[in-house]
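A.B. asks: Generate coordinates for the sequence data below:
(one chain, ligands or ions: 1)
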Amino acid sequence: MSRRRRVYEGKAKVLYEGPEPGTLIQHFKDDATANNNQKHATIEGKGVLNNRISEFIFTKLNDIGVPTHFIRSINMREQLIREVEIIPCEVVVRNVAAGSLTKRLGIDEGTPLPRSIIEFYYKNDELGDPMVSEEHITAFGWATPQEIDDMMALALRINDFMAGLFLGIGIRLVDFKVEFGRLYEGDMVRVVLADEISPDSCRLWDMRTNDKLDKDRFRHDMGGLIEAYQEVARRLGILFENEPKRRGPTLVK
Ligand code: UDP
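C.D. replies: Here you go, the predicted model:
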């Protein structure tokens with residue numbers, strides 16, 4: 001087994017020391033959790049799919065000038081990333097009402113929102129990641145006003161990019177969660193996208209059937225999670241088993 005030094009172990013990922021200072025290896029596990037860790041399962045193959053999907057999206061975001069921690073793929077489950085200081089705020093972007101928003105505000109699931117809405121949650125498992133405002137974030141020093149502006153601007157660019165990417169393959173991007181980190185480069189520090197973007201952290205609905213192609217299948221005991229994640233990877237053109245020749249999304253007409 002690996003003798004690499006484990007730097008951090010989370011619910012679905014492990015971080016190991018990287019080959020050079022300032023780098024880490026992000027390893028995707030098969031574990032799934034929901035309801036603030038009350039529900040737990042191992043779903044074989046989930047880590048491989050999430051690694052592939054996340055690496056595809058992060059590469060595309062790097063290509064359009066959204067700074068990310070992603071450096072390169074290492075293997076089916078691992079990627080080389082830059083070490084960043086994670087800002088303890090989860091940033092959620094919503095396009096369609098679902099999940100906690102429907103409960104909190106009594107809006108029917110599936111209602112299109114008048115515009116994309118950004119929310120912040122304080123990353124704290126003991127407290128169950130409570131929703132917070134920009135006032136809380138600046139008052140408690142979790143991020144500066146400038147960092148909040150940077151996170152919001154990047155989150156909206158990520159949303160526009162991903163909504164278009166998924167629209168092209170017949171999938172509605174309902175909402176998603178991202179995390180940002182501070183990248184220290186000499187005297188400079190800048191906000192970059194960190195963590196992952198995968199069907200674990202997004203709500204993705206088939207545009208024709210409204211089928212859920214995301215972690216809600218696990219949250220609501222619907223089954224078929226791996227098949228759904230495979231379908232997302234297949235439409236993105238990154239599931240190699242049956243189509244070894246081509247890479248890249250297939251346009252759904
Ligand atoms: N999300 C996530 N991690 C979390 C909480 C939410 O990745 O700890 C994602 C979730 O998959 C969804 C979006 O953020 O795409 C909004 O989630 P919501 O606030 O509706 O919470 P939930 O209903 O999942 O508890």
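A.B. asks: and the protein, which residues reach the ligand?
C.D. replies: 92, 98-101, 129, 175-177, 201-203, 215 (C-beta under 6 Å from any ligand atom). Placement of C-beta: from N, CA and C, glycine included.
A.B. asks: Might you specify the subset of those residues located within strands?
C.D. replies: When DSSP state E defines the strands, the subset of these inside them is Val92, Asp175, Phe176, Lys177, Cys202, Arg203.
A.B. asks: Next, count neighbours for Thr250.
C.D. replies: 14 (other C-beta atoms under 10 Å).
A.B. asks: Phi and psi next, for it.
C.D. replies: phi -100, psi 120 (degrees, to the nearest 10).
A.B. asks: ok, now which ones touch Glu90?
C.D. replies: Applying C-beta atoms under 8 Å, 6 or more residues apart in numbering to Glu90 gives the contacts Phe120, Tyr121, Tyr122, Lys123, Asp129, Lys177, Val178, Glu179.
A.B. asks: that older thread, out of the ones in strands among the residues of the chain next to the ligand, which comes closest to the ligand?
C.D. replies: The ligand lies nearest to Lys177 out of these, by C-beta to the nearest ligand atom, at 3.3 Å.
A.B. asks: Which strand residues bridge that closest one?
C.D. replies: In this entry, Lys177 is beta-bridged to Val92, by DSSP bridges.
A.B. asks: what's the burial count for the residue in the stretch 1-150 of the chain that the ligand sits nearest to?
C.D. replies: In the stretch 1-150 of the chain, the residue that lies nearest the ligand is Gly99 (2.2 Å; C-beta to the nearest ligand atom). By other C-beta under 10 Å, the residues close to Gly99 number 15.
A.B. asks: Ok, the one 3 residues further on next?
C.D. replies: Burial measure for Thr102: 14 neighbouring residues, criterion other C-beta under 10 Å.
A.B. asks: so it touches Val96, yeah?
C.D. replies: No - Thr102 lies out of contact with Val96 (C-beta atoms under 8 Å); the separation is 10.0 Å.
A.B. asks: Now do the contacts for Gly186.
C.D. replies: With C-beta under 8 Å, 6+ apart, Gly186 has no contacts at all.
A.B. asks: my bad, Gly10
C.D. replies: With contact set as C-beta under 8 Å, 6+ apart, Gly10 has no partners.
A.B. asks: Let's see the pLDDT reported for it.
C.D. replies: pLDDT recorded at Gly10 is 95.
A.B. asks: swap in Glu243?
C.D. replies: 48.
A.B. asks: Farthest-apart pair in the contacts of Glu90, please.
C.D. replies: Farthest pair in the contacts of Glu90 (C-beta to C-beta) is Tyr122 and Val178. Separation: 15.0 Å.
A.B. asks: More neighbours: which of those two?
C.D. replies: A count of neighbours by other C-beta under 10 Å puts Val178 above the other of Tyr122 and Val178, at 22 against 17.
A.B. asks: For the more buried one, which non-adjacent residue is spatially closest?
C.D. replies: In this structure, Val178 finds its nearest non-sequential neighbour in Val91, 5.2 Å apart by C-beta to C-beta, 6 or more residues apart in numbering.
A.B. asks: ok, now which ones touch the one you found?
C.D. replies: Ile118, Glu119, Phe120, Met151, Met152, Ala155, Lys177, Val178, Glu179, Phe180.
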